[in-house]
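1. Starting from these lines, generate the structure:
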Amino acid sequence: MQNSKTFGTCATCSRHTALTKHHLIPKKRHKKIKNNSSDVSLDAVIYVCRTCHDGVHDLYDERTLSKEYNTLEKICADERLRKHFMWVSKCKKGVQ
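-> A predicted model of the protein is given here:
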């Protein structure tokens, strides 16, 4: 089976590159969230480059992401993440 990649514009750094799915509610938290709330979309994702995706998960744990950073707007409003995304936006596409 061939590994297919999605290419496009990263939702956080705006580079045109290979993209990964970032679950706005991390998969590890789905069972916990599902039992406590019915108004949260567990399958909501954004498409981001690997470098931005790694930065999000390096800075925040799954619990924090699911409670405080569960929308693109909240992710982009965070000062630490904005600095990371700005740095990534200036990197060459192959840098990870």
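2. need the longest strand for this protein.
-> Counting by DSSP state E, the longest strand found in the chain is strand 16-23.
3. list the contacts for the residue nearest to T71 when sequence neighbours are not counted?
-> Closest residue to T71 apart from its sequence neighbours, by CB to CB, 6 or more residues apart in numbering: L24 at 6.4 Å. All C-beta atoms are positioned from the backbone trio N, CA, C, and that covers glycine. Contacts here follow CB atoms under 8 Å, 6 or more residues apart in numbering; on that basis L24 touches 41, 44-46, 65, 69-72.
4. List buried residues within those residues.
-> Buried members of the contacts of L24, counted by 16 or more other CB atoms under 10 Å: 46, 65, 69-70.
5. list the buried ones in the helix or strand where S66 lies?
-> Assigned by DSSP states H and E, S66 falls within helix 62-68. Buried positions in helix 62-68, judged by neighbour count with 16+ other CB under 10 Å: 65-66.
6. Return the alpha-carbon coordinates of the very next helix or strand once past it using PDB.
-> Downstream of helix 62-68, the first helix or strand assigned by DSSP H and E is helix 72-77. Provided in PDB are the C-alpha atoms of helix 72-77 (Å, rounded to 0.1, in the frame of the first residue of the first chain):
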ATOM      1  CA  LEU A  72      -7.900  26.900  15.800                       C
ATOM      2  CA  GLU A  73      -8.600  30.400  17.200                       C
ATOM      3  CA  LYS A  74      -7.500  29.400  20.700                       C
ATOM      4  CA  ILE A  75      -4.400  27.800  19.400                       C
ATOM      5  CA  CYS A  76      -3.400  30.800  17.300                       C
ATOM      6  CA  ALA A  77      -4.200  33.200  20.200                       C
END
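7. Which strands and helices lie in contact with helix 72-77?
-> Secondary-structure packing of helix 72-77 (3 or more CB pairs under 8 Å, 6 or more residues apart in numbering; DSSP states H and E): helix 79-89.
8. re the thing from before, who does the longest strand of the chain pair up with?
-> For strand 16-23, the pairing partners within the sheet under DSSP bridges are strand 6-9 (antiparallel), strand 45-48 (antiparallel).
9. What mean pLDDT does the next helix or strand after the last one get?
-> Going down the chain from strand 45-48, the next helix or strand is helix 50-59, by DSSP H and E. Within the predicted structure, the mean pLDDT of helix 50-59 is 96.
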